[in-house]
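Asks: One predicted model, sequence on top.
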Amino acid sequence: MDSLSLLGITLGALALLGGNWLEGGQIETLLDGPALVIVLGGTVGAVLLQTPGEVFARAIRSLRHVFRPPVFSRQERIRRTVSWAESARQGGLLGLENMLRRERDPFVKKGLQLVVDGNEPEDIRRMLELELDSNEQRSLQAAKVFESMGGYSPTIGIIGAVMGLIQVMQNLAEPSMLGSGIATAFVSTIYGVGMANLVLLPIANKIKAYVLEESGYREMVIEGLVAISEGENPRLIEVRLKGFL
């Protein structure tokens with residue numbers, strides 16, 4: 001569990017609620033079911049209209065990375081790559097077959113299989129980089145879904161506020177209701193802006209950060225496998241890969 005994500009959400013919520021309390025406001029004034037329905041429903045509806053179903057489903061699945069981020073141990077991967085290079089120098093590329101069976105990462109396993117099969121280094125690089133670019137684009141599309149939601153929610157919040165003011169204007173004959181009615185009308189604006197800047201846009205940026213981290217890790221893997229296929233000295237491979245740290 002990513003403690004920083006939990007801390008960020010908690011701190012943001014406490015800042016809003018604490019600031020409201022310090023100014024003499026009541027928490028109850030910030031709780032409005034209809035405003036939440038307008039902002040949340042309108043935002044999700046707008047994004048569903050513009051986003052293919054497969055991309056939206058991928059974005060929902062990527063939410064788990066915000067609180068349970070993937071771990072890419074570059075040091076461990078360098079250690080394994082160097083050990084593969086040593087095995088390849090001693091027993092040839094076919095000596096890597098045992099390592100291939102024990103590898104769990106599908107991307108690394110595919111690359112190692114290409115090396116064991118004796119493909120040319122440039123062919124290995126080209127095929128792995130093609131898969132890397134494809135995966136990166138798909139993952140960034142998922143992040144852009146939350147970016148879009150962060151763009152829509154403030155506008156939907158303003159629409160909710162205007163709808164609330166329309167209801168207030170219909171009660172001009174009862175001045176006692178105007179103050180509370182106007183206050184309630186602007187709650188939807190708070191929801192829209194707050195969701196965008198405290199939840200949706202940070203989620204998008206965090207997913208992007210993990211996508212870039214994964215791409216850097218994969219680039220290091222490609223470099224190591226290509227070096228093994230070229231028969232490079234294991235010590236030189238280690239020095240080269242440490243440049244990715």
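Replies: On my side now, so go ahead.

Asks: after the least confident helix or strand in the chain by mean pLDDT, next one along is what?
Replies: Lowest on mean pLDDT, DSSP states H and E among the helices and strands of the chain sits helix 178-185, with a mean of 66. Next in sequence after helix 178-185, counting helices and strands by DSSP states H and E, comes helix 187-195.

Asks: helices or strands next to that next one in the packing?
Replies: For helix 187-195, the elements it packs on are helix 33-50, helix 121-169, judged by 3 or more CB pairs under 8 Å, 6 or more residues apart in numbering; DSSP states H and E. Yep, even glycine has a C-beta here, placed from its N, CA and C like the rest.

Asks: Now it: average pLDDT?
Replies: Averaging pLDDT along helix 187-195 gives 89.

Asks: Using CSV, list the CA coordinates for it.
Replies: Taking C-alpha atoms only, helix 187-195 is exported to CSV below (Å, rounded to 0.1, in the frame of the first residue of the first chain):
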residue,chain,number,x,y,z
VAL,A,187,-21.4,23.3,-3.2
SER,A,188,-21.4,21.6,-6.6
THR,A,189,-18.7,24.0,-7.7
ILE,A,190,-16.6,23.0,-4.7
TYR,A,191,-17.2,19.3,-5.6
GLY,A,192,-16.2,19.9,-9.2
VAL,A,193,-13.0,21.9,-8.5
GLY,A,194,-12.1,19.8,-5.5
MET,A,195,-12.5,16.4,-7.3
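
Asks: Report the inter-axis angle for that helix versus helix 33-50.
Replies: Relative orientation of helix 187-195 versus helix 33-50 (axes from the mean of the first three to the mean of the last three CA atoms, to 10 degrees): 50 degrees.

Asks: quick one, helix 187-195 and helix 121-169 angle?
Replies: Here helix 187-195 runs at an angle of 160 degrees relative to helix 121-169 (the same axes, to 10 degrees).

Asks: Any buried residues in helix 187-195, and which?
Replies: Val187, Ser188, Thr189, Ile190, Tyr191, Gly192, Val193, Gly194, Met195 (16 or more other CB atoms under 10 Å).
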